[in-house]
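A.B. asks: A predicted structure for the sequence below; I have some questions about it.
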There are 2 protein chains.
Amino acid sequence: MSELIIKAKNLKESSNILKTLNAKQKNKAILEIAKSIEKNKEYILTENKKDVEIAEKKGIKKSLIDRLALNEKRIKGMIEACKTVVNLKDPVGEMFDSFLREDGLRISKVRVPLGVIGIIYESRPNVTLEATILALKSGNSVLLRGGSDAINSNKAIVKAIKDGLGNSEIPINSIELIENTNRELVNEMLKLNEYIDLIIPRGGKGLIDFVVKNSTVPVLETGVGICHIFVDESANIEKSIDIIDNAKTQRPGTCNTVETVLIHKNIAEKILPALKEQLESKSVEIRGCEKTISIIKVKKATEEDWATEYLDLILSIKIVEDLNEAINHIKKYSTGHSESILTENYLNAMKFVNEIDSAAVYINASTRFTDGGEFGMGAEMGISTQKMHARGPVGLKELTTYKYIIQGNYNVRD
Amino acid sequence: MSELIIKAKNLKESSNILKTLNAKQKNKAILEIAKSIEKNKEYILTENKKDVEIAEKKGIKKSLIDRLALNEKRIKGMIEACKTVVNLKDPVGEMFDSFLREDGLRISKVRVPLGVIGIIYESRPNVTLEATILALKSGNSVLLRGGSDAINSNKAIVKAIKDGLGNSEIPINSIELIENTNRELVNEMLKLNEYIDLIIPRGGKGLIDFVVKNSTVPVLETGVGICHIFVDESANIEKSIDIIDNAKTQRPGTCNTVETVLIHKNIAEKILPALKEQLESKSVEIRGCEKTISIIKVKKATEEDWATEYLDLILSIKIVEDLNEAINHIKKYSTGHSESILTENYLNAMKFVNEIDSAAVYINASTRFTDGGEFGMGAEMGISTQKMHARGPVGLKELTTYKYIIQGNYNVRD
């Protein structure tokens, strides 16, 4: 039996214990993890340094090394994350949609963990901790497959987590890391339907597409966000500029950042110069359609721009005839993440929310709100852009499922 | 562009119209379908006769021909099904989990159709109608791939449905049938992530496994049910026998029928002779474990029996040491459908429902209740045995998803 299968089997077994633990037991374990991260801080930082040095030798670009590198502050962030998750309400055990039939049979749904969650992610080693504690708090075992760049950091963090679990009632093999980062093993992992209940890919489009294409285990797609804002002719110009600014610059590397702004032709001349001024003062590069560049002097947008998630201080702008053209553009290029209409016209607002089928559809607000914290979940595993199971921020509840419990008095079906 | 792609594209487009229709418009369309089925009755029966004759020539077994054959009564059943679905509450548009943030941003979930649902099924031509009206009522377009045995019947039914839709606001290409029943086309269909939002396989284990293994489109697994009843030592003997009888014989060909009964060793000698008598009076063949055959004279069960969904008047019986052995047996052989404990011991009942992770877990009731009708959904597309998205009976609500609608007043994120 391969190491992967042995680990997967262990996870399935431990998930049977984990799912019976109450919130007190799980919270105690997560606090033990926090203590252990603190205790193993120097060890984690030393191992992380190895990864950073290898990455630097490879000539990996600075922004990626920044994502990879841990420091005192980031370790503190990991410990804080544990405390945040401890304070979240445990969704497991909630009984809902309960009803009593005429024949006295009571039918209820009860929220239960999924079982074993597989997470495939890229360079950020803090994900190792954050994903683990969300999975454990929601009663799930977790199989981690991090990027090869962070392998020493991930091993050290997993060791610290297991040390912590040793002082708790959660079995230490409720978490396993695939240490061999050969891609073939990912492929093998994606076929382990017998042991894994859900795969969550966290990373770029390439990773997500690979997982969707190759997994026979159900997948929760997260992430890619080509988000749009449509500025209708009735929108308040000043407030619209503030929203676009916020949606683009507040944290440009995130998936809920706006990438394309669609502007109603009747408001374009009024809003564009001021929008350009405000965005350029924040170092945003604007790429505009033909009509846009006839009004303001910016780079010309190509077809590729409409289909790109920049994750950077770049914004594409297109002038549209009307709401219909805006909706059609969004339908064509959206990744189903977050879209917003800025308008004071009631019918247009209603039409937009009815016709746009993305995880989060906004009226007069920044797309940056699509976030587990902002949506009141406290923390999240990512943003689902698929339609099955869960859409939008994936918090603890979204990491669970339900089963029916039917309580009878020796009832038979007529 | 292949015919399949053209149809899939049409479905995606029509789903954008369909999702905006209200219940009145959808109900009118379903009643028009019912009228058209009535009007085209002779045509459907003639085409069905062709299928039956071909099947008879091929020497297909009688039970399958019985599933294939339509008659006046079954056509009437299809028309009745339309009326049933018209009377069901439309889940689309329901707003839930709504809350107002401190900054005045209102965040709500609203129930929306999935989009395009692909259904792959085997011989019963009535499924063509039943699956279609459930999909349409929940606002989804539907791509049908029925079995080759029923192709003439399916074409005729789809023609009648489209005729009916012609008198309604639902676009006629909200439903398409794949007329070429070559398996290669199924494979192609399973990869159409751009156009299809969900694939539901309805049929035997072979079909379901094929779909799970090959689909890149999300799948809702339905069906296979190796269901168990555990008779605890404290159970009432007479009532337990009635439940086992009901769970086995009320409709033996269904997925919620019990296949294996586990009996606590301390009650085995008391229950087995009477159970044998009652079941044999209903022509049930019993296959027992070693211990069972030392008490009653029945055929010996093999390892294969524990892993078989008989869908027939056959029942396997195993005597177990205790509740733990029963739970472990179920964990090993269950397909996650329905399991029941018969007991008057509170702790055992609780342990059973906590540890058994099937779609439906029963205390003191027949497994036959796992059914959309019995669970108050009115009708169903099948029984989900997977954990993602929906478990148990798949009714209208389970054929939908939700999106977030966020209503602001030019809010930006701090």
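C.D. replies: Received it, and whenever you're ready, just let me know what you need. These numbers come from a predicted model, not from an experiment. Residues are numbered from 1 along each chain as shown, chains lettered A, B, ... in the order given.

A.B. asks: for the rest of this, base every contact and every neighbour count on C-alpha atoms.
C.D. replies: Noted.

A.B. asks: sec struct for the residue in chain A that chain B sits nearest to, please.
C.D. replies: Nearest residue of chain A to chain B, counting by Cα to the nearest Cα: A:His389, 3.7 Å away. For A:His389, the assignment made with DSSP: H, G, I helix; E, B strand; the rest coil gives coil.

A.B. asks: what ranges do the strands span in the stretch 301-414 of chain A?
C.D. replies: A:314-320, A:338-342, A:360-365, A:383-384, A:392-393, A:400-411 (DSSP state E, counting those that start in this stretch).

A.B. asks: now the ones you listed as a markdown table including mean pLDDT, mean neighbour count and distance to chain B?
C.D. replies: Below are these laid out as a markdown table (pLDDT from 0 to 100; neighbours: other Cα atoms under 10 Å in any protein chain shown; distance: least, Cα to the nearest Cα, whole Å):
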| stretch | mean pLDDT | mean neighbour count | distance to chain B |
| --- | --- | --- | --- |
| strand A:314-320 | 98 | 24 | 18 |
| strand A:338-342 | 98 | 30 | 8 |
| strand A:360-365 | 98 | 28 | 5 |
| strand A:383-384 | 94 | 24 | 11 |
| strand A:392-393 | 96 | 28 | 7 |
| strand A:400-411 | 98 | 22 | 5 |
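
A.B. asks: which helix or strand contains A:Leu31?
C.D. replies: helix A:23-39 (DSSP states H and E).

A.B. asks: so which bits of the very next helix or strand once past that helix are buried?
C.D. replies: Counting by DSSP H and E, the element after helix A:23-39 in chain order, helix or strand, is helix A:41-58. Of the residues in helix A:41-58, A:Lys41, A:Ile44, A:Leu45, A:Glu47, A:Asn48, A:Lys49, A:Lys50, A:Asp51, A:Val52, A:Ala55 count as buried by neighbour count, 16 or more other Cα atoms under 10 Å in any protein chain shown.

A.B. asks: helices or strands up against helix A:41-58?
C.D. replies: helix A:62-68, helix A:151-165 (3 or more Cα pairs under 8 Å, 6 or more residues apart in numbering or on different chains; DSSP states H and E).

A.B. asks: give the rounded mean pLDDT of that helix.
C.D. replies: For helix A:41-58, the mean pLDDT works out to 97.

A.B. asks: that one to helix A:151-165, inter-axis angle?
C.D. replies: 160 degrees (axes from the mean of the first three to the mean of the last three Cα atoms, to 10 degrees).

A.B. asks: name the residues that touch helix A:41-58?
C.D. replies: With contacts defined as Cα atoms under 8 Å, 6 or more residues apart in numbering or on different chains, helix A:41-58 is touched by A:65, A:68-71, A:75, A:149-153, A:156-157.

A.B. asks: just the angle between that helix and helix A:23-39, please?
C.D. replies: Using the same axes, to 10 degrees: helix A:41-58 against helix A:23-39 is 60 degrees.

A.B. asks: end-to-end on stretch A:331-350?
C.D. replies: One end of stretch A:331-350 to the other measures 16 Å (Cα to Cα, to the nearest Å).

A.B. asks: what distance separates that stretch from the centre of its chain?
C.D. replies: 21 Å (Cα atoms, centre = their mean, to the nearest Å).

A.B. asks: what residues of it count as buried?
C.D. replies: In stretch A:331-350, counting by 16+ other Cα under 10 Å, buried: A:334-344, A:348-349.

A.B. asks: out of the residues you listed, who's nearest A:Val231?
C.D. replies: Of all those, A:Val231 sits closest to A:Leu342, with 4.9 Å by Cα to Cα.

A.B. asks: so what's that closest one up against?
C.D. replies: By Cα under 8 Å, 6+ apart, the residues touching A:Leu342 are A:Ile229, A:Phe230, A:Val231, A:Asp232, A:Ala235, A:Ser240, A:Ile363, A:Asn364, A:Ala365, B:Tyr410.

A.B. asks: how about a cut-off of 10 Å?
C.D. replies: A:229-237, A:239-240, A:243-244, A:263, A:348-349, A:362-366, B:408-410 (Cα atoms under 10 Å, 6 or more residues apart in numbering or on different chains).

A.B. asks: then A:Lys62?
C.D. replies: If a contact means Cα under 10 Å, 6+ apart, then A:Lys62 has A:Ala55, A:Glu56, A:Leu68 as its contacts.

A.B. asks: test my guess that the last one contacts A:Asn126.
C.D. replies: This points to A:Leu68. Yes - using Cα atoms under 10 Å, A:Leu68 makes contact with A:Asn126 at a distance of 8.7 Å.

A.B. asks: okay, and the common contacts of these two?
C.D. replies: The contact lists of A:Leu68 and A:Asn126 share A:Ala150, A:Ser153, where a contact means Cα under 10 Å, 6+ apart.

A.B. asks: quick check: phi and psi at A:Val224.
C.D. replies: When read as degrees, to the nearest 10, the backbone of A:Val224 gives phi -60, psi 130.

A.B. asks: which positions within the helix or strand bottoming out on mean pLDDT in chain A qualify as buried?
C.D. replies: The helix or strand of chain A with the lowest confidence, counting by mean pLDDT, DSSP states H and E, is helix A:62-68 at a mean of 88. Buried positions in helix A:62-68, judged by neighbour count with 16+ other Cα under 10 Å: A:Ile65, A:Leu68.

A.B. asks: check contacts around A:Leu88.
C.D. replies: A:Ala23, A:Asn27, A:Leu134, A:Lys137, A:Met377, A:Gly378, A:Ala379, A:Gly395, A:Leu396.

A.B. asks: possible to save those residues as a markdown table with neighbour count?
C.D. replies: What follows is those, written out as a markdown table (neighbours: other Cα atoms under 10 Å in any protein chain shown):
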| residue | neighbour count |
| --- | --- |
| A:Ala23 | 19 |
| A:Asn27 | 22 |
| A:Leu134 | 25 |
| A:Lys137 | 30 |
| A:Met377 | 17 |
| A:Gly378 | 17 |
| A:Ala379 | 22 |
| A:Gly395 | 26 |
| A:Leu396 | 27 |
